[in-house]
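# after the sequence you'll find the predicted model.
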Amino acid sequence: MSVLFKTLAAALLLGGSAMAIAANDGQARVNELLSSDPQYRETWTKVVKKEERLPEWVMNLTGTSDQMNAVTEDGDGYLVGPLCEKQDTCLSNRLIVAFSLDKKDAYAMWVQVPAGLPADKSPTRHADYRFLGKPDEGMQNLLKETLKKDPNWY
């Protein structure tokens, strides 16, 4: 093989890698986790298998999602982020999800607010919270604090 050919091949490979990285902003999103790694799917399946009456979008973590953030709770690292079935129902029906960085533990808080709540009514006071994965008090607080960061949540 000529040096020119090797150099050209290497440039093409590197260029292709750079394009792949550019297409993926490097940020994890809840709605992409289960398809990105079998360990996420296995862990989430354990969380939801004993739960009753969960909608499909919660069972499969499908819908719309913003990027997740890395946070620490009690010395352990987690990826935490929101998930909504649809963008237009996010204020009234959302999930806040936390996966441990080792992918062995997962927790969630499902938040439901009555649809059509008047704008002058605080969603916080009318919300119903359901925790999945048996989070301890520290994890429950972390999930609630993540929700409070939403500027539309008051």
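Sure, I can see it.
# any idea how far the residue most central in space within the chain lies from residue 121?
Nearest to the mean C-alpha position of the chain, counting by CA atoms, centre = their mean, stands residue 30 at 2.7 Å. Residue 30 sits 27 Å away from residue 121 when distances are taken as CB to CB, to the nearest Å. Backbone N, C-alpha and C define where each C-beta goes, glycine included.
# do residue 128 as well
Looking at residue 128 against residue 121, where the rule is CB to CB, the gap reads 14 Å.
# re the thing from before, surely the residue nearest to the centre of the chain meets residue 95?
Yes. Applying CB atoms under 8 Å as the test, residue 30 and residue 95 come out as touching, 7.5 Å apart.
# between the two ends of stretch 102-113, how far is it?
Using CA to CA, to the nearest Å, the span of stretch 102-113 from its first residue to its last is 32 Å.
# next: stretch 108-116.
End-to-end distance of stretch 108-116: 24 Å, with CA to CA as the criterion.
# got the buried residues for that stretch?
Using 16 or more other CB atoms under 10 Å as the burial criterion, the residues of stretch 108-116 that qualify are 108, 109, 110, 111, 113.
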